[in-house]
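>>> Structure of the sequence below:
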Amino acid sequence: MLAQMPDTVQLALGDVAVRDFTAWLEAVMAERTVGKDTWSQVQVRFDGVDRRLDGVETRLEGVETRLVHVETRLDRAEHDLGELKIEVREFRREVNERFDRVIAMFNDRFDRQAAETNARFGELNARFERLDVTLLMQTRWTVGTLALFGTIIAILVGIGQLRA
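The predicted structure follows:
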């Protein structure tokens, strides 16, 4: 069935040209278009696809809701982790301060003990020096006494030999 062309086109082109153009256009349209029955079947399939896409959209909305929930939980976890980091830093600072105090206490104690030990060694050195002086003096007295007795004995022996 040839389509009717407007009268102005028929007058401008002529009857033969309009018939040829109309036939050609209908052949092209027949090759490249779909019939009403086929289009109805395609339409039914599109409706099924639309229903399926609606189900997919519903599921995606559920997934998005869950993702928002997960993001909220992650935000809370990040916040809690930040607080935990702050608490750990504070704890480490307190532990370091305590260790510093204990180390200072031990250093003070070791310094006092070293001072006491040095004082004792100083006293011991003084006593050894006094002992050394005393021994030296006693040794000198002993040697002097021996020398004196030797001299006295030598004189007595000399006197005894002179008398004899």
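
>>> And for residue 18, the neighbour number?
19 (other Cβ atoms under 10 Å). The way it works is simple: take the backbone N, C-alpha and C, and place the C-beta from them, glycine included.

>>> Same check on the one 5 residues further on?
As a burial measure, the neighbour count of residue 23 was computed by other Cβ under 10 Å and equals 12.

>>> so what pLDDT did it get?
In this model, residue 23 is scored at 84, pLDDT.

>>> Regarding it, which helix or strand does it belong to?
helix 15-32 (DSSP states H and E).

>>> what's the following helix or strand after that helix?
helix 36-163.

>>> Need the mean per-residue confidence for that next one.
Mean predicted lDDT for helix 36-163 stands at 93.

>>> what about that helix, distance to the chain center?
21 Å (Cα atoms, centre = their mean, to the nearest Å).

>>> ok, the most centrally placed residue in the chain to residue 77 distance?
Closest to where the C-alpha atoms of the chain average out (Cα atoms, centre = their mean) is residue 85, at 10.0 Å. The spacing between residue 85 and residue 77, counted by Cβ to Cβ, to the nearest Å, is 12 Å.

>>> Compute the distance between residue 137 and residue 20, please.
156 Å.

>>> now residue 45
For residue 45, the distance to residue 20 - Cβ to Cβ - is 37 Å.

>>> for residue 24, what are its contacts?
By Cβ atoms under 8 Å, 6 or more residues apart in numbering, residue 24 lies in contact with nothing.

>>> now swap in residue 34 and tell me
Per Cβ under 8 Å, 6+ apart, neighbours of residue 34: residue 42.

>>> how close does it sit to residue 98?
Residue 34 is 85 Å from residue 98, by Cβ to Cβ.

>>> With residue 134 instead?
53 Å.

>>> Please apply the same query to residue 20.
Applying Cβ to Cβ to residue 20 and residue 98 gives a distance of 105 Å.

>>> What's the local residue count around residue 156?
Residue 156: 10 neighbours (other Cβ under 10 Å).

>>> ugh, wrong one, residue 112
Neighbours around residue 112, by other Cβ under 10 Å: 10.
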